[in-house]
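Novice: model the following, please.
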Amino acid sequence: MREIGMKRLIVLVLVFCGSGCFTGCSGEKLPSDFPRVFPMTVTVKDGTTPLSEVKVMFYPATTGAGASFASSGTTDANGVAQMKTSQGGFSKAGVPVGEFVVTVEDIIDLNMGITAEERSKMSIGELNKLSQEQQKFRASYKRKVPTVLCATGKIENRSPIRYSASDGTNELTIDVAKYK
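Specialist: Predicted structure coming up:
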């Protein structure tokens, strides 16, 4: 009796673990049109100083079929971002093969230490005061990244940085000092 119970347990464990191999790490099956992706690491620095808390985006250089995805990452304390591709609510580490326009932007935290729950309890007057404080902070914020690298306007005008990703391990280093 014990032997049958142990065999069932082993079969269940194998089935459970095996299903993860076919659906990806998150356990959810990616759609058939999800692009095949490859590892992509981006390092962002200003001269020799690594820039942390910077958002990196990869936009397909061409539009049309197959260009409905976005690849992004946020730099860590060492200025390194591991890129992840997202499409239709699904995401996977890496970027597809292709040509990209690359943007880099400061992440500006405008929460001012106030949680969403606290904000929901604020009066209109308190919210207006918070908005004024946020505007002052934004106006006085010293950017780490030049605006020429930010995502504005048409894709082809968003940034002078272009990258061609291949079907292997990809690495890109961006020195923002070149664009100041």
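Novice: what's the first helix or strand after the longest strand anywhere in the chain?
Specialist: Under DSSP state E, the strand in the chain containing the largest number of residues is strand 98-106. Sequence-wise, the next helix or strand downstream of strand 98-106 (DSSP states H and E) is helix 116-120.
Novice: the longest strand of the chain: which residues count as buried?
Specialist: Using 16 or more other C-beta atoms under 10 Å as the test for burial, strand 98-106 gives Gly98, Phe100, Val101, Val102, Thr103, Val104, Glu105, Asp106. To be clear about C-beta, it is placed using only N, CA and C from the backbone, and glycine gets the same treatment.
Novice: in its sheet, what does it sit against?
Specialist: Take DSSP bridges as the rule and strand 98-106 pairs in its sheet with strand 54-60 (antiparallel), strand 161-165 (antiparallel).
Novice: from the rest of the structure, what touches the longest one?
Specialist: Same thing as strand 54-60. Strand 54-60 has contacts (C-beta atoms under 8 Å, 6 or more residues apart in numbering) with 40, 42, 44, 66-67, 69-75, 79, 81, 83, 95, 98-107, 144-145, 151, 155, 158, 163, 165, 174.
Novice: hmm, try it at 7 Å
Specialist: 42, 44, 67, 70-75, 81, 83, 95, 98, 100-107, 144-145, 151, 155, 158 (C-beta atoms under 7 Å, 6 or more residues apart in numbering).
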